[in-house]
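*Asks:* let's see this in three dimensions:
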Amino acid sequence: MPKVAIAGGSSPTLGASILAALSTTHNWTPVILSRQTNNPKPSPPGIETRYVDYTSHTSLVAALKDIDTVLSVVLIPGPESITYQLNLLNAAIEAGCRRFAPSEFALCEQAQAQVDLLQSKNVVWEAVKGKVEEGLIDAARFPCGMFMNYLGIGIGGEKEKEARAGFAEGAFLVHLDAEPAYVVLPVRADGSAPSLTLTDIRDVGRFVAAALEMEEWGGRELGMAGDTLGFEELIRLCERYTGKKVEVRRVTMQRLEERLKAIPDGDVLKRMDCQIAMACARDGSVVPGVLNEVCNVQPVKVEEFLRKYWR
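*Replies:* Numbering: from 1, shown residues only. Next up is the predicted model:
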């Protein structure tokens, strides 16, 4: 079976979801790439882990010598994110790997350009596309929109743990854990509510595993959409299945722009939240489901997710 290297594959979210999906197909041999630490995570049973130095071209090439496809899900904050990803790309080319996917799994390219912390993803993707145009490697990027697992925050207990699927961040836009529960609704310029795409982390893994079966990726954006719906529909479903009255806090683009000006440049996470909300008001959080059309994956819908974990 061909081997697929998953950089950052020991992560409890995307790494775990891709490994779980691959375990059901039996068409690929997964290999985890991980940075050497004093307390390395144990490898899942039967899966090889190769320890690498993302600053060392030699280390990366050696680890990728028998790999067909490289998938990156590494989460590296700061300026090193570009360096490490480009090092991985160049090593994949020298090692003779056929395909490469950078760490994306967020918004589409145009929307990411509006978010300071996500712009590094576009820098990497431009470099990747350049290598594809040179005929050195095939590649794709995998946007998925907002993780549906945000909607599991506030359930409590084991059900919340299952709903989160390893996701450890706090609530964003949808605050079902608050009292009272509320949704921050970034409105369009005409005052109407935008739409957004949400995908369960586990379905991200299933879509990526299905994409591995494609003959060619073509250096393009292979988006996936668990569910795309309007904010008003999302709020209605949250109220129905949580049994809570959800307060709607509408916020205009002007208000978001004022809020962004007041956030210091160094507070990158608050700026990211504000900028994503602004992109959302421009419908930037909608991801076209390219993989939905070409892969046999039936993703979880928002209503199904809420019914399962909240009802």
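*Asks:* mind listing the helices for the stretch 1-150 of the chain?
*Replies:* Remark: helices assigned in the stretch 1-150 of the chain by DSSP state H, counting those that start in this stretch are 14-25, 57-63, 80-95, 109-112, 119-133.
*Asks:* now do the same contact list for the closest residue to residue 201 other than its chain neighbours.
*Replies:* The spatially closest residue to residue 201, leaving aside those adjacent along the chain, is residue 165, at 4.5 Å (CB to CB, 6 or more residues apart in numbering). Quick note: C-beta positions are derived from backbone N, CA and C, even for glycine. Counting by CB atoms under 8 Å, 6 or more residues apart in numbering, residue 165 touches 13, 16, 17, 149, 200, 201, 202.
*Asks:* ok, so of those residues, who is nearest residue 275?
*Replies:* Closest approach between these and residue 275, by CB to CB: residue 149, at 21.1 Å.
*Asks:* circling back to that earlier point, report the separation between the residue nearest to residue 201 and residue 147.
*Replies:* 9 Å (CB to CB, to the nearest Å).
*Asks:* now do the shared contacts for those two.
*Replies:* With CB under 8 Å, 6+ apart as the test, residue 165 and residue 147 both reach 200, 201.
*Asks:* ok, residue 61 touching residue 91?
*Replies:* Yes. Between residue 61 and residue 91 there is a contact at 4.7 Å, judged by CB atoms under 8 Å.
*Asks:* which one's more surrounded, these two?
*Replies:* For residue 61 versus residue 91, the count of surrounding residues by other CB atoms under 10 Å is larger for residue 91: 25 against 19.
*Asks:* just give the closest residue to that one, not the sequence neighbours.
*Replies:* Of all residues not flanking residue 91 in the chain, residue 60 sits nearest, at 3.4 Å (CB to CB, 6+ apart).
*Asks:* my guess is the one you found meets residue 88, correct?
*Replies:* Yes. Using CB under 8 Å, residue 60 is in contact with residue 88, at 6.1 Å.
*Asks:* list residues touching both of these two?
*Replies:* Listed as contacting both residue 60 and residue 88 by CB under 8 Å, 6+ apart are residue 54.
*Asks:* roughly how far apart are the residue nearest to residue 201 and residue 177?
*Replies:* In terms of CB to CB, residue 165 sits 17 Å off from residue 177.
*Asks:* same check, this time on residue 6
*Replies:* Counting by CB to CB, the gap from residue 6 to residue 177 is 31 Å.
*Asks:* which one of those two has more residues nearby?
*Replies:* Each of residue 6 and residue 177 has its neighbours counted (other CB under 10 Å); residue 6 has more, 27 against 14.
*Asks:* let me see the contact set for the more buried one.
*Replies:* 15, 18, 19, 30, 31, 32, 33, 71, 72, 73.
*Asks:* make a PyMOL selection of whichever of those residues turn out to be buried.
*Replies:* Per 16 or more other CB atoms under 10 Å, the buried members of the contacts of residue 6 correspond to this PyMOL selection:
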select buried, resi 15+18+19+30+31+32+33+71+72+73
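*Asks:* which ones among the contacts of residue 6 lie within strands?
*Replies:* 30, 31, 32, 33, 71, 72 (DSSP state E).
*Asks:* shouldn't the fourth one be in contact with residue 52?
*Replies:* This means residue 33. Yes. Counting by CB under 8 Å, residue 33 touches residue 52, with 5.2 Å between them.
*Asks:* residues shared between the contacts of those two?
*Replies:* Residues touching both residue 33 and residue 52 (CB under 8 Å, 6+ apart): 7, 63.
*Asks:* separation between residue 24 and residue 34?
*Replies:* For residue 24 relative to residue 34 (CB to CB), the value is 23 Å.
*Asks:* tell me which of the two has more neighbours.
*Replies:* Per other CB under 10 Å, whichever of residue 24 and residue 34 has more neighbours is residue 34, with 21 against 10.
*Asks:* wait, what's in contact with the more buried one?
*Replies:* Counted by CB under 8 Å, 6+ apart, residue 34 has contacts 8, 9, 10, 40, 41, 49, 50, 51, 52.
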